[in-house]
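>>> predicted structure and sequence below. I'll ask about it afterward.
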Amino acid sequence: MTGSFWWDLLIGLAVALVVAWLLLLGALLLVRPRGGLLREALRLLPDVLRLVRRLAADRSLPRGVRIRLGLLLAYLAMPIDLVPDFIPVLGYADDAIIVTAVLRGVVRRAGLEAVRAHWPGTDDGFAALARLTGIHRS
């Protein structure tokens, strides 16, 4: 393209990042929560954050699970998102999707009982979390 290996590499990486971001954005548009699901997920956010923090601090869980939970907390604390939060619906949907994926992985590795034992909210809140994430089916 440009004749310089480094410029070609830099341009190739930039194009790959843009294409990956566009693919993620398209995937989020397809799987975005419908109706009141996103509103319900946002209401649960404080309890979910406390749950993730408690699970990450639990030494009885496998280290890989705790590392994933720590990385999730770091991602949620970062001011830069994959999809900016000011974009309606999708801005918060990417966070909800990532939290869901991590919680499903935790249930697969540590069990639903560990998640339930650390849940700081009400039983209704846990039922809503299970419904939103599908962890009751894992």
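Received, thanks.
>>> how about the strand or helix carrying Leu132: buried residues?
Here Leu132 sits within helix 123-133, counting by DSSP states H and E. Buried positions in helix 123-133, judged by neighbour count with 16 or more other CB atoms under 10 Å: 125-126, 128-130, 132-133. (C-beta placed from N, C-alpha, C; glycine too.)
>>> how about stretch 104-117?
Applying 16+ other CB under 10 Å to stretch 104-117 flags 105-107, 110, 114-115 as buried.
>>> could you export the buried residues of helix 123-133 as TSV, including distance to Leu13 and pLDDT?
Converted to TSV, those look like this (distance: CB to CB, whole Å; pLDDT from 0 to 100):
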residue	distance to Leu13	pLDDT
Gly125	43	84
Phe126	43	88
Ala128	41	81
Leu129	38	82
Ala130	40	84
Leu132	36	73
Thr133	34	76
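>>> which other helices and strands contact the helix or strand where Leu76 lies?
Assigned by DSSP H and E, Leu76 belongs to helix 63-77. In terms of contacts (3 or more CB pairs under 8 Å, 6 or more residues apart in numbering; DSSP states H and E), helix 63-77 is packed against helix 37-57, helix 90-110.
>>> most packed of those helices?
Comparing those by mean neighbour count (mean count of other CB atoms under 10 Å), helix 90-110 comes out on top with a mean of 19.
>>> got the angle for it vs helix 123-133?
Counting by axes from the mean of the first three to the mean of the last three CA atoms, to 10 degrees, helix 90-110 points 100 degrees away from the direction of helix 123-133.
>>> quick one: contacts for the residue positioned nearest the centre of the chain?
The residue lying closest to the centre of the chain (CA atoms, centre = their mean) is Ile98, at 1.6 Å. Counting by CB atoms under 8 Å, 6 or more residues apart in numbering, Ile98 touches 72, 75.
>>> perfect, I'm done here.
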